[in-house]
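**Q** no sequence for this one, just the structure:
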């Protein structure tokens, strides 16, 4: 495997937040840009605070991290409100509303929620209940999007969700999933098993989340089967935080490889553990690594995947790019077959209507 | 036959507001919206903050006397009903459901 | 303290082309990258007295303005704005490089600087007291602002008013004042000594020019001011200068509508605006003649003395 350049600052900061106290101004100039590009600025600030080093950082750094934190705090309030509204809309279905990914982390107050933004609310419901859920949401102000016939088929038949529903007044978006991978995918973890193991979110009446192992496996599958690689490092850090949080329970580690096999997700788990350990230094018990080894692909494929992922998972910033990167990202994009818009802070106001026209899809 | 609804503030609503000369701005800390309201609307919200109640009760508290002037009383009630519906649409108030309702958990 | 002028044109271009020019404007440090000679010249003219900082100094924003590549360069060359690897806006004709730079700088602050309530408004100061002039485009705010700063009022900002949520004071962000169409000629006449960029035609807003901020306003960029008046201006040909009080609650809503990050700041934003309309006097203001307008502001100031 080609050797990596020295670890980017952002990775160093994520692996060992306390080290941020020792970074100089020049380091910070670069680190902030890497963090912003990887959507991890708010997280960095919270990590620094958690480690008790925030006060030691340069004032301009604290100010900048504070801007990102303000955005995150506002986001959480908006999520709180949306969850109340969604519950109201879907109460009569009697369904437990299973939250996924960032929405689940935020609702449950998990460490993985710290500083994490997300654009859509993700729900998991049984496939046969989709029409009912869709009507109930539409009755309460969420409208369908992607009305083009091709798009409709894309979402409904090929992917594993309804086309995103957007609220007509508030513009919030809900993605209603019935599985965590598309029908057309090679891996088919049974959603019924995931739903059966779901547990209530404390303090959020009517809401549930995946069991700890399943949450980790979903995160792994989300990262390693889909194409959002500009989020790559953020998603890997999600995994790291989930593993650290749930890993304090030894029962979790014992169950993880077993559950992975049950759901046919041994390979994504293997990748997840491998890259978390290498890039973020996640502490994984040796027994688990052994048990997960069964998920490893053949050595040639592994070498290729190593090369692709280890580059794609680097901070998505020009300072961390090399000539190989564009190809790496493109290859993973094709493999993942998924398209999302990069996160971007566009002010919705007065200026760009006048002078600057926002692009529909910011180019890189 | 159903009885008139009991109204209450949406749980967690802080009624953050500033008033001046009969006009008020209210910050809905649940939705993040800011509203321009008359002082009289703030008074209605203040009544509900003290105690969930039906529109008729509020009308009396605000000085309407159905006994002495039934016509005026009825029209105040109608206005209140309309106002409460508007406030509900703004997620400031809600009608407690009738018998058998579950109480909505406080948002975290 | 090193200023942009002290670099000299060669060093200025070298920094812009290479490690980046780290320019201080108000509370912000922006690292500017650009190979464009025209932009270097405009910066040299409009930002001569602004502090520049050494390589490796932490910047708040990283912007790049670059030209087109390939065949585009020959046909209808454009200027592209990149914010740290992203290109959030459509390119513009190359001749609009300096206006694009100014608008991009505004965008950086208005979309991110959440330690302030950022209002789309001009703000000027005299006698320690600040007048905030919010206004949607086309109300004559910039013309009025340009006139005031040429009659003894200090420029804090012509587009972005930075209000501290903590104590309600305004932090200056003095930068070139943008003027358009007829206003350019009007202010040129009004302030013959003021320095302008060459007007750029055919922008989305018509013809645009920028007026350099005074040395004093740049030198005093660290001096905050207390808001005393909020004035919603509206230019109307032939109108006598007249102030009409705006009720507080209504002023609150109108200010909030003109603030970029009011909703984002949540309750803190609500209270920042609430405090503003309580401590400052709020007016609608119509005027037709600049001298009349200035007189009204002087009168407001005199009433406070």
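**A** Structure's in. What do you need? For clarity, every value in this text was computed on a predicted model and none was experimentally measured.

**Q** Kindly report the residues of chain B close to chain C.
**A** B:16, B:18-21, B:23-25, B:27, B:29, B:32, B:34, B:36 (C-beta under 8 Å from any C-beta of the partner chain). Yep, even glycine has a C-beta here, placed from its N, CA and C like the rest.

**Q** Helix or strand for residue A:259, just tell me which one.
**A** Residue A:259 is part of helix A:250-262, with elements assigned from DSSP states H and E.

**Q** residues contacting the closest residue to residue A:27 other than its chain neighbours?
**A** Nearest residue to residue A:27, sequence neighbours excluded (C-beta to C-beta, 6 or more residues apart in numbering or on different chains): residue A:9, at 5.8 Å. By C-beta atoms under 8 Å, 6 or more residues apart in numbering or on different chains, the contact set of residue A:9 is A:23, A:27, A:30, A:31, A:34.

**Q** go again using 6 Å as the cut-off
**A** A:27, A:30, A:31 (C-beta atoms under 6 Å, 6 or more residues apart in numbering or on different chains).

**Q** least confident pick among those?
**A** Among these, residue A:30 carries the weakest pLDDT, at 89.

**Q** any idea how far that one is from chain B?
**A** The gap separating residue A:30 from chain B is 34 Å, by C-beta to the nearest C-beta, to the nearest Å.

**Q** mind checking pLDDT for the nearest residue to residue C:168 once chain neighbours are set aside?
**A** Nearest non-adjacent residue to residue C:168, counting by C-beta to C-beta, 6+ apart: residue C:275, 5.0 Å away. Residue C:275 is assigned 98 on the pLDDT scale.

**Q** after whichever strand or helix holds residue C:275, next one along is what?
**A** Here residue C:275, judged by DSSP H and E, is contained in helix C:262-279. Going down the chain from helix C:262-279, the next helix or strand is strand C:281-287, by DSSP H and E.

**Q** close to chain B, is that next one?
**A** No - with C-beta under 6 Å from any C-beta of the partner chain as the criterion, chain B is not reached by strand C:281-287; the gap is at least 10.6 Å.

**Q** got the angle for the helix or strand that that strand is followed by vs strand C:281-287?
**A** Following strand C:281-287 in sequence order, the next helix or strand is helix C:290-304 (DSSP H and E). For helix C:290-304 against strand C:281-287, the angle by axes from the mean of the first three to the mean of the last three C-alpha atoms, to 10 degrees is 160 degrees.

**Q** outside of helix C:290-304, which residues touch it?
**A** C:126, C:127, C:144, C:147, C:151, C:229, C:241, C:287.

**Q** 10 Å - rerun?
**A** Helix C:290-304 is contacted from outside by C:124, C:126-129, C:131, C:133, C:140, C:143-144, C:146-148, C:150-153, C:186-187, C:189-190, C:228-229, C:231, C:233, C:235, C:239-243, C:281, C:283, C:285-287, C:289, using C-beta atoms under 10 Å, 6 or more residues apart in numbering or on different chains.

**Q** now for the top helix by length along chain B, which elements pack on it?
**A** Longest helix in chain B by number of residues (criterion: DSSP state H): helix B:70-89. Packing partners of helix B:70-89 (3 or more C-beta pairs under 10 Å, 6 or more residues apart in numbering or on different chains; DSSP states H and E): strand B:6-9, strand B:34-38, helix B:39-50, helix B:55-61, strand B:93-96.

**Q** Just send these back as CSV, with mean pLDDT too.
**A** Shown next, in CSV, are the helices and strands packed on helix B:70-89 (pLDDT from 0 to 100):
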stretch, mean pLDDT
strand B:6-9, 96
strand B:34-38, 92
helix B:39-50, 94
helix B:55-61, 89
strand B:93-96, 92
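
**Q** For residue C:110, pull up the helix or strand it's in.
**A** helix C:97-112.

**Q** just residue A:282 next, same as before
**A** Using DSSP H and E, no helix or strand contains residue A:282.

**Q** List phi and psi for it.
**A** Reported as degrees, to the nearest 10, the phi and psi values for residue A:282 are phi -60, psi 140.

**Q** List the residues that contact the residue nearest to residue C:168.
**A** Neighbours of residue C:275 in contact, by C-beta under 10 Å, 6+ apart: B:18, C:117, C:163, C:165, C:167, C:168, C:227.

**Q** Tell me what the second one is bridged to.
**A** It stands for residue C:117. Residue C:117 has these beta-bridge partners by DSSP bridges: residue C:163.

**Q** Neighbours of it, how many?
**A** By the measure other C-beta atoms under 10 Å in any protein chain shown, the count of residues near residue C:117 is 29.

**Q** who's in contact with it?
**A** Applying C-beta under 10 Å, 6+ apart to residue C:117 gives the contacts C:161-165, C:168, C:170, C:255-256, C:259-262, C:264-265, C:268-273, C:275-276.

**Q** Which of those residues are buried, as a PyMOL select command?
**A** Per 16 or more other C-beta atoms under 10 Å in any protein chain shown, the buried members of the contacts of residue C:117 correspond to this PyMOL selection:
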select buried, chain C and resi 161+162+163+165+168+170+255+256+259+260+261+262+264+265+268+269+270+271+272+273+275+276
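
**Q** Show the pLDDT at residue 5.
**A** Here I'm looking at chain A. Residue A:5 is assigned a predicted lDDT (pLDDT) of 49.

**Q** Chain C is the one I meant
**A** For residue C:5, the pLDDT comes out at 97.
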